[in-house]
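**Q** what follows is a predicted protein model with its sequence.
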Amino acid sequence: MANHKSALKRARQSETRRLRNRINKTKVKNAVKAARASMGETAEISAEALKKAMCALDRAASKGTLHRRNAARRIARLSKQMAAAQKQQAAA
């Protein structure tokens with residue numbers, strides 16, 4: 001355990017940030033999971049789920065929980081999957 005005043009403060013800050021990051025990561029995971037689950041639904045439902053997932057990823061990147069390029073990569077991949085699912089659904 002930390003003994004110096006500054007080290008104690010740093011420990012408190014780290015714990016606060018860890019909890020905040022965990023909350024943001026959970027929100028991102030749930031939003032992405034919902035978006036992937038909605039790929040078989042109608043275009044409006046899946047588009048709304050994709051929008052929420054993109055928003056959650058962007059928010060996590062702006063808070064520093066995720067790196068901005070990591071968030072951009074995830075958004076691009078999810079959008080690509082969604083487009084392929086919509087194309088496949090339209091063909092069927």
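**A** Structure's in. What do you need? Residues are numbered from 1 along each chain as shown.
**Q** hey, let's count contacts and neighbours off CA atoms from now on
**A** Will do.
**Q** nearest residue to the residue nearest to the spatial centre of the chain in space, ignoring adjacent ones along the chain?
**A** The residue lying closest to the centre of the chain (CA atoms, centre = their mean) is residue 28, at 2.8 Å. Of all residues not flanking residue 28 in the chain, residue 56 sits nearest, at 5.4 Å (CA to CA, 6 or more residues apart in numbering).
**Q** got a list of what the one you found touches?
**A** 24, 27, 28, 31 (CA atoms under 8 Å, 6 or more residues apart in numbering).
**Q** apply 7 Å and report the result again.
**A** 27, 28, 31 (CA atoms under 7 Å, 6 or more residues apart in numbering).
**Q** what does the pLDDT read for the first one?
**A** Meaning residue 27. In this model, residue 27 is scored at 97, pLDDT.
**Q** secondary structure element holding it?
**A** For residue 27, the host element (DSSP states H and E) is helix 5-37.
**Q** quick one: the helix or strand following that helix to helix 5-37, angle?
**A** Sequence-wise, the next helix or strand beyond helix 5-37 is helix 43-63, with elements assigned using DSSP H and E. Computed with axes from the mean of the first three to the mean of the last three CA atoms, to 10 degrees, the direction of helix 43-63 lies at 170 degrees from that of helix 5-37.
**Q** in helix 43-63, what counts as buried?
**A** 43, 46-47, 49-54, 56-61 (16 or more other CA atoms under 10 Å).
**Q** having no further points to raise, I will conclude here.
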